[in-house]
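Asker: Below: sequence and its predicted model.
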Amino acid sequence: MCNSSLDKKPASRRTTVDSLVHYAQAVPQQAAYVDELGTVTYAELWAAAQRRAAWLASRGVRSGEAVALAFESNAIGARRDLELLYAVAFLGATTLPLFPDVPQAACVALIERFAASWLIAGGAPPRVATASTLDPRGYDTAAEAGDVARGDRPEAGAVYLFTSGTTGAPKVLLPTQAQLHGNVLAAALAVGTDSADRQLGSIPWPSVVGMRYLLRAHAVGAAFVSAPVGETREAMGEILARFGITRLYLSPWQLRRLLQSPVPARPWPALRSIQVTGAFISPQEVEQIRSSLSPHLFVSYGCNELGSATLLASGETMPEPGCVGRPLPGMEVRVHGAQGEALGPGVTGELGFRADWMCTGYVGNPQATRERFRDGWFYPGDIGSIGADGRVYLRGRQGDVINYGGLKVWPEDIEAVLKRCPDLADAAVVGLPDPMAGQVPVAFVVARGPLSPQAVRGFCATHIEAARIPPHFRVIDSIPRNANGKVLREFLATHFSVTPEGVQPKA
């Protein structure tokens, strides 16, 4: 067995494999992964990863190669995929994740685009695009016990990550092993996660969101629980109790759905924290969650390029909408004006971030890299300010602001009001082209029952000025969102238009 050197390495030189090795030796019987089949300890996961690595090496997989890994959604396949994820990293190869919801044609295109040398997938042809196929179902546990040297290096590419694509086509990141470890470690430490925790993510493994929370748990020796999130308070309470969950990660939409469900007869088990991230949440919702679900609510802001960037701690009040707390330790934030000048406290401008663990560019996209990564800083395209107390405030996406005949309308401001309307279950505001005004705000809403637009406008009129009330309302079945709960505004803008008859789907 390899000796752990975690304590001897600076955090900036550690890899995800370093953490697994360390906890397999320090707390071998500690749960690393929990699902409907039971518990996998750190010692068991590390031993399985080594056997998988020996199998891959015997088939020819080498350090520096790209390995496409086709994840499976069933419990047995998900466990195997977890072992393979660490095995690929162990060998120093780069994982190209092919998650279950990615269409087959898109998977083939990704394999070819990133020149993957290997595809790990059951039932696939012997060769797919540039990759030779390895079928994990032909793996013999007893036969794969060879000793293989570790090939993971801090500077080696870890795993291809794809941005959410809420503002267009997804962009691709390739963090190094050190950057990936630093990213997940900072997020885990910020909320106090430790080896006593059992952590449930907003989406089970295998998924890109599930991978993020899984690696956060393993960075500090905690257990990751792969289970679906309950849609009601009663169902969620049963999941928390069954798996002994101590920390819960949810999107704003998931929390709103829980708040709208009936109060169960039995209270939830005590949680060390709930963390919400991915989209705007109002001060009223924060207080409601703290009073009815858990007082230990953290509100965070981040993205794939940065990981978690800011955090509103559980003991802090949200002074106004858009407050996402203070930067994480090691994260720097600044605000720029239109000419690139630094802006002072409370002044709204373009937010920039910098941390040792952030990526430095997009793969194969020099134009987007120039736009977002400048002078060692990353600019996600969000508009906001920094208060005198160091707290960060978001106003919205730079490209989402609606120029309504010269009046600047921030969608999140209007959405925060609409979501408080008792007649609405959800809402999103998008700017659509208009020949007279240039852009016109359109409120896409999900109604709880029969809806009167006049009643909704009347509600809005008591909270915002009349000029900012959307002139058009369109009832739809659900608001399109990505896995993190962010509104897919580009989708709505692409599929609807304003006509003399109102807002209609495009032909």
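Answerer: Good, I have the coordinates.

Asker: Could you use CA atoms for every contact and neighbour count after this?
Answerer: OK.

Asker: ok, and the closest non-adjacent residue to Leu492?
Answerer: The shortest distance from Leu492 to any non-neighbouring residue, by Cα to Cα, 6 or more residues apart in numbering, is to Val430 (7.4 Å).

Asker: Which strand or helix spans the one you found?
Answerer: Using DSSP states H and E, Val430 falls within strand 424-434.

Asker: about what we covered before: now do the residue nearest to Leu492, the pLDDT please.
Answerer: If you check Val430, the pLDDT there is 94.

Asker: In contact with it, which residues?
Answerer: Residues in contact with Val430 (Cα atoms under 8 Å, 6 or more residues apart in numbering) are Asp400, Ile402, Pro411, Pro441, Val442, Ala443, Phe444, Arg489, Leu492, Ala493.

Asker: So what sits opposite the second one in the bridge?
Answerer: Assessed by DSSP bridges, Ile402 has beta-bridge partners Val409.

Asker: Any idea what the residue nearest to Leu492 is bridged to?
Answerer: Val442.

Asker: gap between it and Trp410?
Answerer: For Val430, the distance to Trp410 equals 9 Å [Cα to Cα, to the nearest Å].

Asker: Check Glu316 too.
Answerer: 25 Å.

Asker: Phe298 too?
Answerer: 24 Å.

Asker: again with Gly307
Answerer: Look at Gly307 and Trp410: by Cα to Cα, they are 25 Å apart.

Asker: can you check Glu490 too?
Answerer: As judged by Cα to Cα, Glu490 and Trp410 stand 16 Å apart.

Asker: the more surrounded of those two?
Answerer: Of the pair Glu490 and Trp410, Trp410 is the one with more neighbours under other Cα atoms under 10 Å, namely 21 against 17.

Asker: so what's that one up against?
Answerer: Going by Cα under 8 Å, 6+ apart, Trp410 touches Arg395, Gly396, Asp400, Val401, Ile402.

Asker: For those residues, which two are the farthest from each other?
Answerer: Using Cα to Cα, the two most remote members of these are Arg395 and Ile402, lying 12.2 Å apart.

Asker: Just name whatever secondary elements whatever helix or strand Gln284 lives in is in contact with.
Answerer: Here Gln284 is covered by helix 283-292, with elements defined by DSSP H and E. If you count contacts as 3 or more Cα pairs under 8 Å, 6 or more residues apart in numbering; DSSP states H and E, helix 283-292 packs onto strand 297-303.

Asker: Just to be sure, Pro125 is in a strand?
Answerer: No: secondary structure of Pro125, determined by DSSP: H, G, I helix; E, B strand; the rest coil: coil, with no strand assignment.

Asker: My guess is it contacts Thr133. True?
Answerer: Yes: in terms of Cα atoms under 8 Å, Pro125 counts as a neighbour of Thr133; the distance is 6.9 Å.

Asker: Tell me which of those two has more neighbours.
Answerer: Using other Cα under 10 Å, the more surrounded residue of Pro125 and Thr133 is Thr133, with 20 against 12.

Asker: so that one, which of the three states?
Answerer: strand.

Asker: and the gap between it and Gly151?
Answerer: In this view, Thr133 and Gly151 are 22 Å apart by Cα to Cα.

Asker: what's near enough to touch Glu371?
Answerer: Counting by Cα under 8 Å, 6+ apart, Glu371 makes contact with Tyr379.

Asker: so which helix or strand takes in it?
Answerer: helix 366-372.
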